[in-house]
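A.B. asks: kindly return the folded structure for what I paste below:
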Amino acid sequence: MNRIHVVERAYQLARTPDCLNTGDVVKALSAEGYSSAEMSHFQGSSIRADLNRICKIPVETEAA
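C.D. replies: Next up is the predicted model:
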């Protein structure tokens, strides 16, 4: 199976309006089938802080 690396996918999810913090990112990854072993990357404070920072950046929406 060839899928996106868990860290890359986490950063993609952090840029969506559905993820407001790292917890939301981890939940979304779990729902997509990533294992807890794969998600162990997110136990570090640096990556959690970075993902939380990205989650707080407003998502640009297309004008109608």
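
A.B. asks: low-confidence ranges, this structure, go.
C.D. replies: 1, 61-64 (pLDDT under 70).

A.B. asks: check which element follows the helix or strand harbouring residue 23 along the chain.
C.D. replies: Taking DSSP states H and E as the definition, residue 23 sits inside helix 22-31. Counting by DSSP H and E, the element after helix 22-31 in chain order, helix or strand, is helix 45-55.

A.B. asks: how far away from the center of its chain is that following helix?
C.D. replies: How far helix 45-55 lies from its chain's middle: 9 Å, per CA atoms, centre = their mean, to the nearest Å.

A.B. asks: and it with helix 22-31, angle?
C.D. replies: 90 degrees (axes from the mean of the first three to the mean of the last three CA atoms, to 10 degrees).

A.B. asks: so how far is residue 40 from the closest residue to residue 41 other than its chain neighbours?
C.D. replies: Once flanking residues are discounted, residue 41 sits nearest to residue 7: 5.5 Å by CB to CB, 6 or more residues apart in numbering. C-beta: built from backbone N, CA, C; applies to glycine. Counting by CB to CB, to the nearest Å, the separation of residue 7 from residue 40 is 11 Å.

A.B. asks: next: residue 57.
C.D. replies: On the measure of CB to CB, residue 57 and residue 40 end up 25 Å apart.

A.B. asks: now residue 11
C.D. replies: 16 Å.

A.B. asks: which residue is nearest the middle of the chain?
C.D. replies: residue 10 (2.9 Å; CA atoms, centre = their mean).

A.B. asks: that older thread, contacts for the helix holding residue 23?
C.D. replies: 6, 9-10, 13-14, 18-19, 36, 38-39, 42, 48, 51-52, 55 (CB atoms under 8 Å, 6 or more residues apart in numbering).
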